[in-house]
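Participant: just to be clear, the model below is a prediction. Sequence and coordinates:
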Amino acid sequence: MSKDLIESVKKLREITGVGFKDCKAAIDETGGDIEKSIELLRKKGIAKASNKMSRTAAEGLCLLKEKNGEVALIEINSETDFVAKNKDFILFCKEVSEINFDNKGDLAKVNQAKMKNNLTVEASLTDLIAKIGEKITIRRSKFFNKEGGKNFFYVHSAVEKNIGKIDIALLNASAYSPNKNQIFDISNYELLVDVNIKGTLYCINKLKDVMNNRNNTIAIISSPLGYRGWPTAGAYGISKAAQLSLSESLYFDFKRLNINVRVICPGFIDTEATKKNSFKMPFLKSAEYAGKKIFDRLTKGKEFEIIFPYLIVYFFKFTRILPYKIYFYIWKKLGNF
């Protein structure tokens with residue numbers, strides 16, 4: 001092999017990152033023309049990428065970008081955990097995360113946006129697949145603006161700052177609409193069933209494949225109002241009771257998938273939802289307090305059910321064992337129900 005050929009192959013490898021054998025073949029086929037060799041490798045890379053699309057890609061990284069209170073999330077998948085730690089893969093993911101934030105999570109715009117190499121994200125992804133030799137997909141993204149509240153975030157087991165995997169999924173499907181007038185409104189029931197029950201189920205349906213056999217955790221936020229039927233809380237109560245029952249069932253069923261299932265039942269938390277209540281809420285806690293409690297127990301504890309404050313939640317639990325006659329009598333005395 002001549003010195004000129006070796007230098008040409010070396011230069012082509014530095015530009016494309018493609019293996020020695022493929023670079024030499026491209027140089028031979030194009031008569032030593034570097035530009036034509038790059039184009040040839042790109043075309044072959046598209047063919048290779050196409051052949052890999054039928055494979056399963058469930059590993060990879062989740063990336064978060066935050067600026068001025070706005071947050072953008074994006075999930076980029078690979079076939080193996082080995083590739084998820086690859087330097088080129090991580091660099092690609094980081095740049096795409098920046099582009100995702102700039103485009104407010106619109107994947108159609110993200111795919112057509114130009115990267116630093118002057119190629120679109122879509123074209124750069126094809127080149128990366130050809131270089132690494134695995135299926136890589138930009139799976140999904142989400143953008144959260146500042147309207148309506150504050151955004152808090154945390155990346156568990158981060159590979160780098162704000163780059164990691166889904167180790168814990170916290171499902172907080174929790175629409176709330178108290179029935180103060182005690183009038184049965186089917187639309188209210190449908191809303192809470194759609195959000196609180198179906199929303200939780202749809203999330204779990206997606207997570208079960210992503211988390212399969214990883215010893216990850218799905219945590220479902222329910223409520224002590226799911227322990228027993230409460231006045232004015234029929235729609236909310238049945239949705240939270242369903243979440244409790246679902247958590248208990250999946251605790252057993254997901255063992256075979258090596259997925260841990262936990263449930264969280266907080267007492268009264270000072271939020272926009274609880275401001276709708278017309279009664280004084282005992283042991284009312286701030287959202288910041290609740291967030292810290294949940295974070296601490298999810299990352300440091302292993303118990304199935306996370307509860308706080310203990311006194312009020314255990315009172316709710318106690319009502320579960322009361323005979324109906326006593327239970328209804330108490331409510332009659334408390335609120336003339």
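Facilitator: Here it is on my side, so go on. Just so we're clear, the structure is a prediction, and the values are computed from it rather than from any experiment. Residues are numbered from 1 along each chain as shown.

Participant: what sits opposite Asp270 in the beta ladder?
Facilitator: Counting by DSSP bridges, Asp270 is bridged to Ser286.

Participant: flag the shaky bits of the protein, pLDDT-wise.
Facilitator: 1, 15-19, 42-56, 146-165, 180, 336-337 (pLDDT under 70).

Participant: which parts of it are strands?
Facilitator: Under the criterion DSSP state E, strands of the chain are mapped to 59-67, 70-78, 136-144, 163-164, 168-171, 216-221, 259-266, 269-270, 285-286, 305-308.

Participant: got the domain ranges for this protein?
Facilitator: Structural domains assigned to the chain are 3-52, 59-144, 167-335, following automatic domain parsing.

Participant: any idea how far apart the tips of the longest one sit?
Facilitator: I take that to be domain 167-335. 44 Å (CA to CA, to the nearest Å).

Participant: and Val193, how many residues sit next to it?
Facilitator: Counted with other CB atoms under 10 Å, the neighbours of Val193 add up to 16. C-beta: built from backbone N, CA, C; applies to glycine.

Participant: surely it touches Ser239?
Facilitator: Yes. Val193 lies in contact with Ser239 (CB atoms under 8 Å); the separation is 6.1 Å.

Participant: picking up where we left off before, hey, which of the domains of the chain is tucked in deepest?
Facilitator: When these are scored by mean count of other CB atoms under 10 Å, the highest mean neighbour count falls to domain 59-144 (a mean of 18).

Participant: start to end distance for that domain?
Facilitator: Criterion CA to CA; first-to-last residue distance in domain 59-144 is 24 Å.

Participant: mind listing the helices for the chain?
Facilitator: Using DSSP state H, the helices of the chain run over residues 3-16, 20-30, 34-52, 81-84, 87-102, 107-112, 121-132, 186-192, 199-210, 234-253, 287-300, 310-319, 324-335.

Participant: can I get the longest one in CSV, CA atoms only?
Facilitator: Once non-C-alpha atoms are left out, helix 234-253 reads as follows in CSV (Å, rounded to 0.1, in the frame of the first residue of the first chain):
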residue,chain,number,x,y,z
GLY,A,234,-66.7,10.7,43.9
ALA,A,235,-64.9,11.3,40.6
TYR,A,236,-61.5,12.0,42.1
GLY,A,237,-61.9,9.2,44.6
ILE,A,238,-62.6,6.5,42.1
SER,A,239,-59.6,7.6,40.0
LYS,A,240,-57.3,7.5,43.0
ALA,A,241,-58.7,4.2,44.2
ALA,A,242,-58.0,2.8,40.7
GLN,A,243,-54.4,4.0,40.8
LEU,A,244,-53.9,2.4,44.2
SER,A,245,-55.4,-0.9,43.0
LEU,A,246,-53.3,-0.7,39.8
SER,A,247,-50.1,-0.1,41.8
GLU,A,248,-50.7,-3.1,44.0
SER,A,249,-51.4,-5.4,41.1
LEU,A,250,-48.4,-4.2,39.0
TYR,A,251,-46.2,-4.6,42.1
PHE,A,252,-46.6,-8.3,41.5
ASP,A,253,-47.0,-8.4,37.7
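
Participant: which strands or helices does that helix pack on?
Facilitator: If contacts are counted by 3 or more CB pairs under 8 Å, 6 or more residues apart in numbering; DSSP states H and E, helix 234-253 sits against helix 186-192, helix 199-210, strand 216-221, strand 259-266.

Participant: report the inter-axis angle for it versus helix 199-210.
Facilitator: Calculated by axes from the mean of the first three to the mean of the last three CA atoms, to 10 degrees, helix 234-253 forms an angle of 20 degrees with helix 199-210.

Participant: and the gap between Asn77 and Arg256?
Facilitator: Between Asn77 and Arg256 the distance is 23 Å, computed by CB to CB, to the nearest Å.

Participant: likewise Ser8?
Facilitator: Going from Ser8 to Arg256 by CB to CB gives 54 Å.
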